[in-house]
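S.K.: With the sequence up front, the predicted model follows.
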Protein chains: 4
Amino acid sequence: MTSHETVCLLNAGDRVANVSLTIFYADREPAGPYRVTVPPRRTLHLRFNDLTDPEPIPRDTDYASVIESDEPIVVQHTRLDSRQADNALITTIAFAEQG
Amino acid sequence: MTSHETVCLLNAGDRVANVSLTIFYADREPAGPYRVTVPPRRTLHLRFNDLTDPEPIPRDTDYASVIESDEPIVVQHTRLDSRQADNALITTIAFAEQG
Amino acid sequence: MTSHETVCLLNAGDRVANVSLTIFYADREPAGPYRVTVPPRRTLHLRFNDLTDPEPIPRDTDYASVIESDEPIVVQHTRLDSRQADNALITTIAFAEQG
Amino acid sequence: MTSHETVCLLNAGDRVANVSLTIFYADREPAGPYRVTVPPRRTLHLRFNDLTDPEPIPRDTDYASVIESDEPIVVQHTRLDSRQADNALITTIAFAEQG
């Protein structure tokens, strides 16, 4: 994946959405959770490269992300890569978090 | 986002669909609702730049949209941007509208 | 829409799928149904420009399509347009056909 | 389809996912199942051209794939073709396998 991967989060509701991202790799344990909050009735654009806590995401490494929220949100996942367009993975499904 | 963002609405049913769009921003309250109607058994192509009531959508500003309809419709959201292709966000889900 | 719009139908089941397509326009009644069959355990690639019965699809005209099948199928809708990539509209939903 | 088609499998759960892929063609019986496993909390990138057992996938031939798993997984299907971007077909639905 490229260094320009971003995710757009939309919180259309009236309560703050507490969001956690977990990053999965091919050959090591997942990293995270990375935590962000989206205010009510707001959007948040997030660059994966800006995530540094608890650890930066290594460059030139394939990964996948699971995004959880305590409020319903809409997630649109985009790579700024001229060859590809990705699907939004809307993931408010239950998932046992790695901490 | 570019100035060429469009949405295609399909009303495959036999009743008029009353549609409202709400635009969400990163750092201000949402704008809208913008209202359009789609006749029965018709498509409607809408350019976001053509939306002016209650207010135009600012250029060079990130935003997200929520689309509601009182009849089932199919929504396909497209950006005419050579780097990206977006997903259709089919949003007939319940949502407390900002007026 | 371009003249290269195609749809890929996958019938992963063990019975013939009888498929009908209805084409919706902005300013006239829908056309169709166009009928095709997909054999069991087979794929079918269909070019919209090849649809001629009951009438050809006009060039340089925006349209939308609804695809129905009497068996579960997977539909992937693609435009060979360098600027855009479309979503597969999986439409086995009930719909009162125009004949 | 091109020779660069890949699929990214994400197993966000805590159990090994046993995955089987079946390849469907326009004019012959399906091939497969091709079997891979995804460890718990890991991603797996798979190139269709690397699938050789029970038989290689012919080049320059249209095909479709059905992916089944005994654990919930997320599937993202990508073609490295500058003109197109495909949808992820998330297929954990029941399906009578061809052997």
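M.R.: On my side now, so go ahead.
S.K.: you'd agree residue A:73 is up against residue A:38?
M.R.: Yes: with contact defined as Cβ atoms under 8 Å, residue A:73 and residue A:38 form a contacting pair (6.4 Å). The way it works is simple: take the backbone N, C-alpha and C, and place the C-beta from them, glycine included.
S.K.: list the residues that contact both of those two?
M.R.: Counting by Cβ atoms under 8 Å, 6 or more residues apart in numbering or on different chains, the contacts common to residue A:73 and residue A:38 are A:9, A:10, A:11, A:17, A:19.
S.K.: between these, which is nearest chain D?
M.R.: residue A:19 (15.9 Å; Cβ to the nearest Cβ).
S.K.: which other residues reach the helix or strand hosting that closest one?
M.R.: Using DSSP states H and E, residue A:19 falls within strand A:17-25. Identification of contacts with strand A:17-25 by Cβ under 8 Å, 6+ apart yields A:7, A:9, A:11, A:30-38, A:40, A:51, A:57, A:61-73, A:95, A:97-98, D:10, D:12, D:41-43.
S.K.: quick one: the strands in chain A?
M.R.: Counting by DSSP state E, chain A has these strands, from start to end: A:6-11, A:17-25, A:31-38, A:42-47, A:63-69, A:74-78.
S.K.: With mean neighbour count and mean pLDDT added, can I get those strands in TSV?
M.R.: Shown next, in TSV, are those (neighbours: other Cβ atoms under 10 Å in any protein chain shown; pLDDT from 0 to 100):
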stretch	mean neighbour count	mean pLDDT
strand A:6-11	21	87
strand A:17-25	20	93
strand A:31-38	18	95
strand A:42-47	18	91
strand A:63-69	21	87
strand A:74-78	21	73
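S.K.: Tabulate those (TSV), appending distance to residue B:24.
M.R.: Converted to TSV, the strands of chain A look like this (distance: least, Cβ to Cβ, whole Å):
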stretch	distance to residue B:24
strand A:6-11	6
strand A:17-25	12
strand A:31-38	10
strand A:42-47	5
strand A:63-69	15
strand A:74-78	9
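S.K.: Out of those, flag the one nearest residue C:26.
M.R.: Nearest of the strands of chain A to residue C:26, taken as Cβ to Cβ: strand A:74-78 at 26.9 Å.
S.K.: List the contacts of the closest residue to residue A:53 other than its chain neighbours.
M.R.: Leaving out its chain neighbours, the residue that sits closest to residue A:53 by Cβ to Cβ, 6 or more residues apart in numbering or on different chains is residue A:34, at 6.8 Å. Contact partners of residue A:34, counting by Cβ under 8 Å, 6+ apart, are A:20, A:21, A:22, A:23, A:51, A:53, A:54.
S.K.: how about 7 Å then?
M.R.: For residue A:34, the contact set (Cβ atoms under 7 Å, 6 or more residues apart in numbering or on different chains) comprises A:20, A:21, A:51, A:53.
S.K.: For it, name its beta-bridge partners.
M.R.: For residue A:34, the beta-bridge partners are residue A:21 (DSSP bridges).
S.K.: ok, it to residue B:62 distance?
M.R.: In this view, residue A:34 and residue B:62 are 20 Å apart by Cβ to Cβ, to the nearest Å.
S.K.: do the same with residue A:45
M.R.: Separation of residue A:45 from residue B:62 (Cβ to Cβ): 6 Å.
S.K.: Equivalent analysis for residue A:41, please.
M.R.: From residue A:41 to residue B:62 the distance is 14 Å (Cβ to Cβ).
S.K.: same deal with residue A:35?
M.R.: 21 Å.
S.K.: Need the nearest residue in space to residue A:61, chain neighbours excluded.
M.R.: Residue A:61 sits nearest to residue A:25 (Cβ to Cβ, 6+ apart), 6.7 Å away.
S.K.: swap in residue A:41?
M.R.: Using Cβ to Cβ, 6+ apart, the closest residue to residue A:41 is residue B:30 (5.2 Å).
S.K.: cool, residue A:45 as well?
M.R.: Nearest one to residue A:45, counting by Cβ to Cβ, 6+ apart, is residue A:8 at 5.3 Å.
S.K.: same check, this time on residue A:12
M.R.: Nearest residue to residue A:12, sequence neighbours excluded (Cβ to Cβ, 6+ apart): residue B:66, at 5.1 Å.
S.K.: so that neighbour bridges to which residues?
M.R.: residue B:22.
S.K.: What's the separation between it and chain D?
M.R.: 22 Å (Cβ to the nearest Cβ, to the nearest Å).
S.K.: Quick check: that residue touching residue A:13?
M.R.: No: in this structure, residue B:66 is not within contact of residue A:13 by Cβ atoms under 7 Å, at 10.4 Å.
S.K.: Residue A:30 contacts residue D:42, doesn't it?
M.R.: No: using Cβ under 7 Å, residue A:30 makes no contact with residue D:42, being 8.5 Å away.
S.K.: okay, residue A:41 and residue B:62: which has more neighbours?
M.R.: Counted by other Cβ atoms under 10 Å in any protein chain shown, residue A:41 and residue B:62 do not tie: residue A:41 has more neighbours, with 19 against 14.
S.K.: what's near enough to touch that one?
M.R.: Residues in contact with residue A:41 (Cβ under 7 Å, 6+ apart) are A:11, A:12, A:14, B:24, B:29, B:30, B:98.
S.K.: quick one: pLDDT of it?
M.R.: Here, the pLDDT recorded for residue A:41 equals 95.
S.K.: cool, and residue A:88?
M.R.: Predicted confidence (pLDDT) for residue A:88: 32.
S.K.: Same check on the one 5 residues further on?
M.R.: The score at residue A:93 is 27. That number is its pLDDT.
S.K.: Residue A:80 too?
M.R.: So, for residue A:80, pLDDT stands at 47.
S.K.: Bridged to residue A:47, which residues?
M.R.: For residue A:47, the beta-bridge assignment (DSSP bridges) gives partners residue A:6.
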